[in-house]
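Got a sequence here, can you build the structure:
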Amino acid sequence: MTERSGTDTARTPSGYYTSTLVSLPADSVALVLAGGKGSRLRAANDRELQATPKVLVPIDTPTGRTPMLGHALTQLAAIGFRRVAVLTSTDPATGAEAVETYALTHSARQVELTVHREDHPLGTAGAAYAALHHLADAPAAVVLPADTLFPAALLPAAVAAHRDRAAAVTWTVTTAPGQGAQNAGRLFLDAGGEFVVHALEGLAATLPAGSRQGLRQATSTGAVILTPGPFRTLFEEYARRLAHPGETDLYRQFMPWAISQGSPVGAYDIRTPAPDLGTPDRLAAFGRTTV
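Next comes the predicted model:
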């Protein structure tokens, strides 16, 4: 048995058996991605999906039917976020006006909510960078797609793990994605499961069997944790290397680039599914339990 200091709870039975909840750092901010066009949902033979902005499509929740965005905002407020930024798009197909009006109305009394609409297409990484220009004082920022059923109660522990490691970015992943997961098994973690070492999201490529030895295969959950200052510095380095500025996808471009440059991208395994609702089939399977 290892000797510890006199204040160690191991010497106090009541302290030893008392669980300590993990809390979010004060002033942490959630960046909710709400600029998707929903092209795959609109292609379905469903009038509601064709007429409704993607993140305002209603889903079934324990408290009743509510838009995807409303569910995400409610969950974030419940776990302690008091600052939320909703990131919207200038593309008319995304229904930004309706999305922003809904977000501001829904969260008026729950959180300090701001809306950040891009002036031109930025991509998910570019939109996060632009929003953090105004939120640079946050100790941590969580990027969360509005159309993903992420188990939000796990986010405080993920943020704590991120802050304990030297990385500008932590990719929240799962080694138990369940059936029907999008892009299952496209990430590879180091032997300890601490860092993402290969990211094949969006690539028609496979990792040679011999190079997989000792690695853990995982699936993206969509949630990404950033330390604003280091992330913005790293993104600026990325942007300087581009021939022309343009849209930058957080998952398919920026984080794979960071890994290729030797910049650590942390991994946090939630070990449970986080269904994406971006297709009619996945919406029916995970988001609509009643007709």
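
pLDDT weak spots in the stretch 1-150 of the chain?
1-12, 19, 108 (pLDDT under 70).

Would you point out which residue is most central in this protein?
Against the mean C-alpha coordinate of the chain, by CA atoms, centre = their mean, the closest residue is A223 at 1.7 Å.

that's a strand at that one, yeah?
Yes: the assignment for A223 by DSSP: H, G, I helix; E, B strand; the rest coil puts it in a strand.

Excluding chain neighbours, give the residue nearest to it in space.
Spatial nearest neighbour of A223, chain neighbours left out: T172 (4.0 Å); criterion: CB to CB, 6 or more residues apart in numbering. (C-beta placed from N, C-alpha, C; glycine too.)

G266 contacts D164, correct?
No: counting by CB atoms under 8 Å, G266 sits too far from D164 to count as a contact (9.3 Å).

More neighbours: these two, which one.
Neighbours were counted for G266 and for D164 using other CB atoms under 10 Å; G266 has more, 23 against 10.

Contact partners for the residue nearest to A223?
150, 158, 220-225, 267-268, 270 (CB atoms under 8 Å, 6 or more residues apart in numbering).

go again using 7 Å as the cut-off
For T172, the contacting residues are 158, 221, 223-225, 268, 270, by CB atoms under 7 Å, 6 or more residues apart in numbering.

For those, give me CSV that also has pLDDT and distance to F188.
Below are the contacts of T172 laid out as CSV (pLDDT from 0 to 100; distance: CB to CB, whole Å):
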residue, pLDDT, distance to F188
A158, 97, 19
T221, 98, 15
A223, 98, 18
V224, 98, 17
I225, 98, 19
Y268, 98, 15
I270, 97, 17
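
Nearest to H106 among those residues?
A223 (20.2 Å; CB to CB).

which residues touch the closest one?
With contact set as CB under 7 Å, 6+ apart, A223 has these partners: 142-144, 150, 155, 172.

Would you reformat those as CSV and include secondary structure?
Below are the contacts of A223 laid out as CSV (three-state DSSP):
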residue, secondary structure
V142, strand
V143, strand
L144, strand
F150, coil
L155, helix
T172, strand
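
List just the nearest of the residues you listed to V99.
The nearest one, if we look at the contacts of A223 relative to V99 and count by CB to CB, is L144, at 14.9 Å.

any idea which helix or strand carries T233?
Secondary structure from DSSP states H and E places T233 in helix 228-240.

Which element is encountered next along the chain beyond that helix?
For helix 228-240, the following helix or strand on the C-terminal side (DSSP H and E) is helix 255-260.

gap between P156 and P275?
Relative to P275, P156 is positioned 21 Å away (CB to CB, to the nearest Å).

Neighbour count: those two, which is higher?
Neighbours per residue, other CB under 10 Å: of P156 and P275, the larger number sits with P275, 22 against 19.

where does that one fall, phi/psi-wise?
phi -60, psi 140 (degrees, to the nearest 10).

ok, it to L189 distance?
Using CB to CB, P275 is found at 21 Å from L189.

Show me what whichever strand or helix holds T74 is packed against.
Applying DSSP H and E as the criterion places T74 in helix 68-78. Contacts defined by 3 or more CB pairs under 7 Å, 6 or more residues apart in numbering; DSSP states H and E place helix 68-78 against strand 58-61, helix 96-106.

what's the spacing between the next helix or strand after it and its chain's center?
Reading on from helix 68-78 to the C-terminus, the next helix or strand found by DSSP H and E is strand 83-88. Between the centre of strand 83-88 and the centre of its chain there are 13 Å (CA atoms, centre = their mean, to the nearest Å).

name the helices or strands packed onto strand 83-88?
Judged by 3+ CB pairs under 7 Å, 6+ apart, strand 83-88 is in contact with strand 29-33, helix 96-106, strand 112-117, helix 123-132.

what would the ones you listed look like in JSON lines with distance to A77 and mean neighbour count?
Formatted as JSON lines, those follow (distance: least, CB to CB, whole Å; neighbours: other CB atoms under 10 Å):
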{"stretch": "strand 29-33", "distance to A77": "9", "mean neighbour count": "25"}
{"stretch": "helix 96-106", "distance to A77": "10", "mean neighbour count": "17"}
{"stretch": "strand 112-117", "distance to A77": "10", "mean neighbour count": "18"}
{"stretch": "helix 123-132", "distance to A77": "18", "mean neighbour count": "23"}
